[in-house]
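K.L.:
Need a 3D model of the sequence below.
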Amino acid sequence: MNYEKEPLHISTSVPNGTYEVTVTVTAHEDIIFTILSQSRRFMAQDINLGKGESTDITFNVSVCDYHKNNEDYTNVNGVEIDIMCDGDFTALSAVSPVNIPTVYIAGDSTVTDQSAEYPYNATSTYCGWGQMFPQFFNTGIAVENHAQSGSTTEDFKNVNFTAFKDKIKKGDFLIIEFGHNDQKIDTLDAFGGYTENLKYFVNFVREKGANPIICSPINRIIFQEDGTLLNLLGDYRTAVKNVCDEMNVPFIDLWSRTTEFFEAAGAVKAWDYFWGNGTDRDYTHTNDIGGNIVARFVANEMIKNNVQPIADLIKKDMINVEMPKHDSSVKPQNSKEIEHLKTIGLVNVPKASELADLDKDITNI
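P.N.:
Residues are numbered from 1 along each chain as shown. Predicted coordinates:
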């Protein structure tokens with residue numbers, strides 16, 4: 001749902017580490033609320049509470065410094081909670097340290113923690129699936145999302161990874177999803193530099209006693225006239241599968257899951273899951289609705305791959321995804337993108353040098 005008011009903010013100063021947080025919400029009228037932590041990571045979404053009722057919401061939070069490409073190193077010094085709610089309520093939080101595994105996430109704009117404007121509208125708010133992921137866990141594991149808009153495997157290895165690679169401990173996880181920006185760099189072709197960087201991450205985290213997991217990149221919603229999606233990332237999906245097969249790494253096939261889902265939705269309904277603001281559309285970056293769907297795909301794939309203890313800690317009643325239905329009589333409306341793609345050389349299999357103009361630049365959002 002959408003929210004009109006600025007969220008209530010609660011800050012607790014603590015050092016880097018993992019924490020159990022309990023937020024107590026008391027409703028002074030019937031309310032619906034959503035709890036976010038850190039950089040807009042969803043911990044509980046659209047919870048109903050009746051007038052005079054109180055509820056405790058308990059979850060785990062990772063507090064961790066970060067270093068983004070082309071930015072200064074950032075120290076993070078506390079647990080940050082935001083509560084979106086348009087009704088009358090009060091809230092308190094309690095924070096205590098816990099020793100639990102951390103799921104670190106490496107990725108690009110399709111994964112990262114995206115910000116929001118208020119009044120909040122889920123449709124016109126960018127969202128990476130990594131910021132939706134925490135709400136699907138019971139306590140016992142923390143999610144730490146270091147993905148950055150515009151990032152490649154090379155950028156992340158040389159900059160973002162430096163902020164937390166020495167914090168990775170035995171029993172932790174690193175989820176990796178790249179491809180959209182690697183595709184634009186000649187030296188990061190699917191079976192060359194991209195593959196080598198994926199192997200670097202796998203070897204590094206295993207040396208720490210931690211566990212790598214690799215996702216194929218989500219697909220863009222660039223529809224062809226026959227209703228199928230233009231295949232621009234298939235080689236990167238294949239490269240991920242090859243690395244996972246060779247190195248015995250859990251393979252989270254987001255390319256196939258998103259392709260199946262968005263083709264089922266069709267070229268018109270697919271826009272419901274991607275950022276949009278009036279006539280301005282984005283066919284690479286999901287909104288909060290689409291980010292939630294993709295995060296459910298990740299959770300389902302964790303269970304399918306029996307990634308433990310992640311699979312056992314997932315709230316299985318929250319991750320069902322119903323396949324969308326569309327009116328097959330409706331002619332695709334965004335197939336006009338094909339004409340734009342022709343002007344920048346993006347029909348069939350593109351060269352990396354031709355991809356610079358493909359994705360909307362949201363690195364400063």
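K.L.:
Can you tell me the number of residues neighbouring the closest residue to Ser151 other than its chain neighbours?
P.N.:
In space, and not counting its chain neighbours, Ser151 is closest to Asp108: 4.7 Å by C-beta to C-beta, 6 or more residues apart in numbering. Every residue, glycine included, has its C-beta placed from N, CA and C. By other C-beta atoms under 10 Å, the residues close to Asp108 number 28.
K.L.:
Could you pull up phi and psi at the residue nearest the centre of the chain?
P.N.:
Geometric centre of the chain, nearest residue: Trp129, 2.1 Å, by C-alpha atoms, centre = their mean. Backbone torsions for Trp129, taken as degrees, to the nearest 10, come to phi -60, psi -20.
K.L.:
Tell me who's in contact with it.
P.N.:
110-111, 218, 286, 291-292, 294-295, 297-298 (C-beta atoms under 8 Å, 6 or more residues apart in numbering).
K.L.:
Show me where the stretch 1-150 of the chain has its helices.
P.N.:
Remark: helices assigned in the stretch 1-150 of the chain by DSSP state H, counting those that start in this stretch are 129-132.
K.L.:
quick revisit: okay, the contacts of Trp129 in CSV with secondary structure, pLDDT and distance to Asp182 next?
P.N.:
As requested, the contacts of Trp129 are exported to CSV (DSSP: H, G, I helix; E, B strand; the rest coil; pLDDT from 0 to 100; distance: C-beta to C-beta, whole Å):
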residue, secondary structure, pLDDT, distance to Asp182
Thr110, coil, 96, 12
Val111, coil, 97, 13
Ile218, coil, 97, 14
Thr286, strand, 95, 19
Gly291, helix, 97, 21
Asn292, helix, 98, 25
Val294, helix, 98, 19
Ala295, helix, 98, 22
Phe297, helix, 98, 21
Val298, helix, 98, 20
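K.L.:
Can I get the residues you listed in TSV including neighbour count?
P.N.:
Formatted as TSV, the contacts of Trp129 follow (neighbours: other C-beta atoms under 10 Å):
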residue	neighbour count
Thr110	32
Val111	34
Ile218	31
Thr286	27
Gly291	29
Asn292	23
Val294	27
Ala295	24
Phe297	22
Val298	26
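K.L.:
Out of these, which is nearest to Cys85?
P.N.:
Nearest to Cys85 among the contacts of Trp129, counting by C-beta to C-beta, is Asn292 at 18.6 Å.
K.L.:
Just the pLDDT for the nearest residue to the closest one once chain neighbours are set aside.
P.N.:
Spatially, and ignoring its direct neighbours in sequence, Asn292 is nearest to Met132 (4.8 Å; C-beta to C-beta, 6+ apart). Met132 is assigned 98 on the pLDDT scale.
K.L.:
from memory Met132 sits against Phe297, does it?
P.N.:
No - Met132 sits out of contact with Phe297 when judged by C-beta atoms under 8 Å, with a separation of 10.6 Å.
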